[in-house]
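K.L.:
let me see the structure of the following:
(one chain, ligands or ions: 1)
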Amino acid sequence: MPEPESMDAHDLLALDRQHVWHPYGPMPGTDDPLVIESAAGVRLRTAEPVQGHTELVDGMSSWWSAIHGYNHPVLNEAARGQLDRMSHVMFGGLTHEPAVRLAKRLADLAPGDLEHVFLCDSGSVSVEVAAKMCLQYWRSLGRPAKQRLLTWRGGYHGDTWQPMSVCDPDGGMHDLWSGVLPRQVFADEPPAGFDAPLDEAYADHLRELIGRHAEELAAVIVEPVVQGAGGMRFHSPAYLKVLREACDAHDVLLVLDEIATGFGRTGELFAAGHAGVVPDVMCVGKALTGGYLTMAATLCTPRVADGISRGEVPVLAHGPTFMANPLAAAVAGASLDVLLQQDWRQEIKRIEAGLRDGLERARTIPGVRDVRVLGAIGVVQLDHPIDMTAATRAAVGEGVWLRPFRDLIYTMPPYITGDEDIARICAAVCAAAREG
Ligand SMILES: *Cc1c(COP(=O)(O)O)cnc(C)c1O
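P.N.:
Predicted structure coming up:
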């Protein structure tokens with residue numbers, strides 16, 4: 001068969017604008033996205049030169065997922081091998097080795113006794129499943145009034161309905177829907193700073209709020225240590241212990257959303273590891289498949305699983321069509337192999353040192369309010385909303401792909417990013433801060 005003729009970038013963009021929704025975009029589209037033709041290692045190859053570059057160093061890991069970079073031989077091989085066996089089969093009444101292996105692997109890696117695994121299609125769905133597990137748990141135990149969630153402000157848990165209800169209610173992406181979404185309980189945002197000492201007044205605020213609403217709370221859900229898309233804020237792991245203790249004292253479940261933080265990003269395999277806290281339910285996604293395919297997982301403890309399974313409706317009534325997709329599960333397994341077969345802690349430390357070094361000079365740029373680094377996450381916060389177009393153009397001018405938002409220019413590079421490329425990313429973050 002003849003190859004379909006490939007479109008030139010101009011035609012492609014015209015059709016893109018006319019037909020294709022982009023994240024958080026209008027229709028028809030207003031900003032032209034860059035056309036990416038291929039990607040390998042830490043480099044995205046553009047279809048046409050942009051500001052003299054045909055390759056951009058990726059500072060985003062494709063929304064924090066491509067931790068091993070692009071076109072990785074081991075992940076490619078896993079995908080190809082599975083493709084030749086089967087891409088997908090339904091998971092109702094059937095099972096397969098990639099899913100079973102992955103679930104066992106996740107159960108082994110996860111903290112404590114999080115040993116039951118629901119494999120689903122995306123991070124948002126894994127949060128939906130987590131919420132359903134918690135609400136159903138209390139319903140099964142004869143306490144149906146416990147159906148609200150508590151979180152702290154400044155969070156992000158996804159774009160579907162339950163996750164939206166626990167995203168930051170002001171200034172977040174979903175404030176349009178207040179009054180329509182389920183009404184959840186919000187604590188103040190956690191005091192800033194990974195190394196900041198525990199603020200007792202804030203800890204009391206958490207305890208008091210959980211105690212006061214205990215009768216109606218099914219669960220507390222938070223992002224541990226790093227609040228990602230809600231504002232790239234870091235907080236002390238000590239608050240996770242406060243939450244764990246208050247949840248135990250008041251019969252409330254604890255859900256940790258590790259979708260952004262899981263698989264080493266913060267310097268621990270899971271961010272809960274900074275506090276030694278074991279949640280009742282944990283969500284992972286994003287980096288799970290090394291950025292290859294869409295898959296997430298909700299893990300829970302035997303207590304939660306038994307509670308649900310002893311109820312009036314003794315099943316978890318959830319089953320996405322593409323649940324436990326074999327192709328994604330096989331690649332996820334390979335991605336975990338690649339991660340664990342290297343000294344990933346050392347790689348994260350190396351990147352952390354490079355980011356600290358390279359972003360330090362951003363402090364002197366006019367308009368920069370804060371510079372913070374944790375693990376393989378580097379953030380420059382301005383004191384005003386960013387001119388996205390100017391900031392992105394400045395980064396691309398340095399040969400780097402960044403995607404700033406609100407007042408934030410940040411990077412979460414792939415773990416394979418070499419020192420020179422980290423320095424280049426830092427230079428681009430500084431350029432974006434200057435122009436944005
Ligand atoms: C990205 C993200 C989600 C949503 O995941 P999707 O795969 O985009 O649905 C949920 N929680 C956190 C913390 C995230 O970073």
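K.L.:
list the buried residues of stretch 349-366.
P.N.:
Of the residues in stretch 349-366, 350, 351, 352, 354, 355, 358, 359, 362, 365 count as buried by neighbour count, 16 or more other CB atoms under 10 Å. In short, each C-beta sits where N, CA and C put it, glycine included.
K.L.:
next, count neighbours for residue 92.
P.N.:
For residue 92, the count of nearby residues is 9 (other CB atoms under 10 Å).
K.L.:
what sits against it?
P.N.:
residue 319 (CB atoms under 8 Å, 6 or more residues apart in numbering).
K.L.:
still on that earlier bit, out of the buried residues of stretch 349-366, what pair is the most spread apart?
P.N.:
Using CB to CB, these span at most 24.9 Å, a distance reached by 350 and 365.
K.L.:
how many neighbours does the residue in the chain positioned nearest to the ligand have?
P.N.:
Closest residue of the chain to the ligand, CB to the nearest ligand atom: residue 123 (2.1 Å). Residue neighbour count, defined by other CB under 10 Å, stands at 29 for residue 123.
K.L.:
pLDDT at it, what is it?
P.N.:
At residue 123, the model reports a pLDDT of 98.
K.L.:
isn't it up against residue 288?
P.N.:
No. Residue 123 is beyond contact range of residue 288, at 9.1 Å (criterion: CB atoms under 8 Å).
K.L.:
so what sits against both of these two?
P.N.:
residue 296.
K.L.:
so who does residue 353 touch?
P.N.:
Contacts for residue 353 (CB under 8 Å, 6+ apart) come out as none.
K.L.:
list the contacts for the closest residue to residue 177 other than its chain neighbours?
P.N.:
Nearest residue to residue 177, sequence neighbours excluded (CB to CB, 6 or more residues apart in numbering): residue 164, at 6.1 Å. Going by CB under 8 Å, 6+ apart, residue 164 touches 157, 158, 174, 177, 181.
K.L.:
buried residues, stretch 152-169. List them.
P.N.:
For stretch 152-169, a neighbour-count test (16+ other CB under 10 Å) marks 152-159, 162-169 as buried.
K.L.:
got phi/psi on residue 67?
P.N.:
Per-residue torsions, residue 67: phi -70, psi -20 (degrees, to the nearest 10).
K.L.:
count of residues packed around it?
P.N.:
Based on other CB under 10 Å, the number of other residues close to residue 67 is 28.
K.L.:
OK, contacts around it?
P.N.:
61, 263, 264, 265, 287, 290, 291, 335, 339, 414, 415.
K.L.:
and these as a markdown table, adding neighbour count and distance to residue 382?
P.N.:
Output for the contacts of residue 67, formatted as a markdown table (neighbours: other CB atoms under 10 Å; distance: CB to CB, whole Å):
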| residue | neighbour count | distance to residue 382 |
| --- | --- | --- |
| 61 | 26 | 22 |
| 263 | 25 | 29 |
| 264 | 22 | 28 |
| 265 | 28 | 23 |
| 287 | 30 | 27 |
| 290 | 28 | 32 |
| 291 | 25 | 28 |
| 335 | 27 | 34 |
| 339 | 19 | 33 |
| 414 | 28 | 25 |
| 415 | 26 | 27 |
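K.L.:
strands of the stretch 1-150 of the chain, start to end?
P.N.:
Counting by DSSP state E, counting those that start in this stretch, the stretch 1-150 of the chain has strands at residues 36-40, 43-50, 53-58, 116-120, 148-152.
K.L.:
quick one: which of those strands is nearest residue 422?
P.N.:
Among the strands of the stretch 1-150 of the chain, strand 53-58 comes nearest to residue 422, with 9.0 Å by CB to CB.
K.L.:
now for that closest one, which elements pack on it?
P.N.:
strand 43-50, strand 400-401, helix 419-435 (3 or more CB pairs under 8 Å, 6 or more residues apart in numbering; DSSP states H and E).
K.L.:
need the contact partners of it.
P.N.:
Contacts for strand 53-58 (CB under 8 Å, 6+ apart): 34, 39, 42-46, 48, 50, 66, 69-70, 396, 399-401, 413-414, 417, 421, 424-425, 428.
K.L.:
buried sites along it?
P.N.:
Residues of strand 53-58 classed as buried under the neighbour-count rule (16+ other CB under 10 Å) are 53, 55, 56, 57, 58.
K.L.:
end-to-end on stretch 276-287?
P.N.:
22 Å (CA to CA, to the nearest Å).
K.L.:
which parts of the one helix or strand residue 205 maps to are buried?
P.N.:
In the assignment (DSSP states H and E), residue 205 maps to helix 200-212. For helix 200-212, the neighbour count (16+ other CB under 10 Å) marks 202, 203, 205, 206, 207, 209, 210 as buried.
K.L.:
possible to save the residues you listed as a markdown table with pLDDT and distance to residue 330?
P.N.:
Output for the buried residues of helix 200-212, formatted as a markdown table (pLDDT from 0 to 100; distance: CB to CB, whole Å):
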| residue | pLDDT | distance to residue 330 |
| --- | --- | --- |
| 202 | 98 | 44 |
| 203 | 98 | 43 |
| 205 | 98 | 45 |
| 206 | 98 | 41 |
| 207 | 98 | 44 |
| 209 | 98 | 43 |
| 210 | 98 | 41 |
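K.L.:
list just the nearest of those residues to residue 258.
P.N.:
Closest approach to residue 258 among the buried residues of helix 200-212 (CB to CB): residue 206, at 19.5 Å.
K.L.:
my read: the closest one touches residue 239, true?
P.N.:
Yes. Counting by CB under 8 Å, residue 239 is a contact partner of residue 206 at 6.9 Å.
K.L.:
export stretch 100-113 to CSV, keeping only CA atoms.
P.N.:
Provided in CSV are the C-alpha atoms of stretch 100-113 (Å, rounded to 0.1, in the frame of the first residue of the first chain):
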residue,chain,number,x,y,z
VAL,A,100,-1.4,-9.5,37.0
ARG,A,101,2.3,-8.8,37.0
LEU,A,102,1.8,-5.1,37.2
ALA,A,103,-0.7,-5.3,40.0
LYS,A,104,1.6,-7.5,42.0
ARG,A,105,4.5,-5.2,41.3
LEU,A,106,2.6,-2.1,42.4
ALA,A,107,1.4,-3.9,45.6
ASP,A,108,5.0,-4.8,46.4
LEU,A,109,6.3,-1.3,45.8
ALA,A,110,3.6,0.7,47.5
PRO,A,111,3.9,1.6,51.1
GLY,A,112,2.3,-0.7,53.8
ASP,A,113,-0.5,-3.0,52.9
